[in-house]
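Novice: Output the structure for:
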Amino acid sequence: MLTWNAEVVQYHRLRNDLAVIRLVGDGIPFAAGQSLEVTVPQNARLTRRYSPALPPSLDGKLEFHVRAVPAGWVSGSIVNETRPGDVWKLTDPKGSLAIDDSGREVVMIAGGTGLAPMRALILDLAHRATTPPPVTLYVGGRSPRDLYAADLLWILASELPWLTVIPVVDQLKDPWAPDRWNDTIRAETAEAPIFGPEHCWEGSLADVMSVQEPFGDHQVLVCGSPGMEAATVSALIGNGTPAAAIRR
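Specialist: Alright, predicted model coming up:
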């Protein structure tokens, strides 16, 4: 199996449990929406799959959004210990999350860092020669603070006329516990437009999908935690969306 190397060039801590890592390295033949098997120097014996948040580029640029999960040896070390200069090993591109050329409308449903492959697909669409189909992105979090890319999504929705972004949160009120990384970012970008509580729908992504009209002639893409995906797909099928229209 082919293995490629990429060097960490930027590390951005966005939340207590979340970081964005940018790398540059070998050109990897993956498609937007796919995932790669990743090995990091902090845990060289363990591998995890992550989806790049950028489509493939000739200059080998990669970006990953990683959330530290409880007892996550790899995710925790990536979020807490990654430094510029680290070399990651990447292999085995795979996955069926993709947008075809049928021109059918696209519904994207992303929970947490499941946003990463959706962002790669959106940027890939933006660079296609043909006009993209209408895309509606439902992006979910625990609270407005959990929407770690709210500023980027605002920019994308403002600049891409075919893209609609609908933030969905479990609760509209942020938890009382402080998040110093988020607090610092918000202080530095206080005047920047952003998706805030006033733009959010309240409920889980599955709740929101259960009350939508069937997506009968759409391409429906779902990405998030295993529990989020299972609940959301069940809600979609329950509202009449054909199972064959759903990719995850």
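
Novice: Can you name the residues in contact with the helix or strand bottoming out on mean pLDDT in the chain?
Specialist: The helix or strand of the chain with the lowest confidence, counting by mean pLDDT, DSSP states H and E, is helix 180-188 at a mean of 86. Contacts with helix 180-188, where a contact means Cβ atoms under 8 Å, 6 or more residues apart in numbering, come from R13, L14, R15, N16, R145. All C-beta spots, glycine's among them, are computed from the backbone N, C-alpha and C.

Novice: Just the endpoints, please. Distance across stretch 233-248?
Specialist: This stretch, stretch 233-248, spans 9 Å end to end (Cα to Cα, to the nearest Å).

Novice: How about it, which residues are buried there?
Specialist: Of the residues in stretch 233-248, V233, A235, L236, T241, A245, I246, R247, R248 count as buried by neighbour count, 16 or more other Cβ atoms under 10 Å.

Novice: Tell me how far it lies from the chain's centre.
Specialist: How far stretch 233-248 lies from its chain's middle: 20 Å, per Cα atoms, centre = their mean, to the nearest Å.

Novice: Now do it: everything it contacts.
Specialist: With Cβ under 8 Å, 6+ apart, stretch 233-248 has contacts from 96-98, 205-207, 209-223, 229.

Novice: what's the average pLDDT for it?
Specialist: The average of the pLDDT scores along stretch 233-248 is 96.

Novice: what do you get for stretch 119-134?
Specialist: The average pLDDT within stretch 119-134 is 94.

Novice: thinking again about what came up before, so of the buried residues of stretch 233-248, which ones are in helices?
Specialist: Among those, the members falling in helices (DSSP state H) are V233, A235, L236.

Novice: list the helices and strands the strand ranked longest in the chain packs on?
Specialist: Looking across the chain with DSSP state E, the single longest strand is strand 3-15. The helices and strands touching strand 3-15, judged by 3 or more Cβ pairs under 8 Å, 6 or more residues apart in numbering; DSSP states H and E, are strand 18-25, strand 87-94, helix 180-188.

Novice: State the number of residues packed around A19.
Specialist: A total of 21 residues lie near A19 under the criterion other Cβ atoms under 10 Å.

Novice: Quickly list what it is bridged to.
Specialist: R13, V66 (DSSP bridges).

Novice: didn't it look like it was pressed against T82?
Specialist: Yes: with contact defined as Cβ atoms under 8 Å, A19 reaches T82; the gap is 6.7 Å.

Novice: pLDDT score assigned to the residue most central in space within the chain?
Specialist: What sits nearest the mean C-alpha location of the chain, by Cα atoms, centre = their mean, is L115, with 1.6 Å. At L115, the model reports a pLDDT of 98.

Novice: And the strands in this protein?
Specialist: Using DSSP E, the strands of the chain run over 3-15, 18-25, 35-39, 48-50, 61-67, 87-94, 105-111, 135-141, 163-169, 201-202, 218-223, 246-247.

Novice: Reformat the ones you listed as TSV; add distance to R119.
Specialist: Formatted as TSV, these follow (distance: least, Cβ to Cβ, whole Å):
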stretch	distance to R119
strand 3-15	14
strand 18-25	11
strand 35-39	14
strand 48-50	13
strand 61-67	8
strand 87-94	17
strand 105-111	8
strand 135-141	9
strand 163-169	11
strand 201-202	20
strand 218-223	11
strand 246-247	16
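
Novice: residues near T184, how many?
Specialist: Neighbours of T184 using other Cβ under 10 Å come to 12.

Novice: please begin residue numbering at 337 from this point
Specialist: Fine by me, first position is 337 from now on; the one you just mentioned is T520.

Novice: quick one: it and L354, what's the gap?
Specialist: Plainly put, T520 is 14 Å away from L354 if you go by Cβ to Cβ, to the nearest Å.

Novice: repeat for N341
Specialist: If you go by Cβ to Cβ, the gap between N341 and L354 works out to 25 Å.

Novice: what about the closest residue to D437 other than its chain neighbours, how many neighbours?
Specialist: Leaving aside its chain neighbours, D437 sits nearest to T466 (7.9 Å; criterion: Cβ to Cβ, 6 or more residues apart in numbering). Counted by other Cβ under 10 Å, the residues lying close to T466 total 8.

Novice: Thanks again, I'm all set now.
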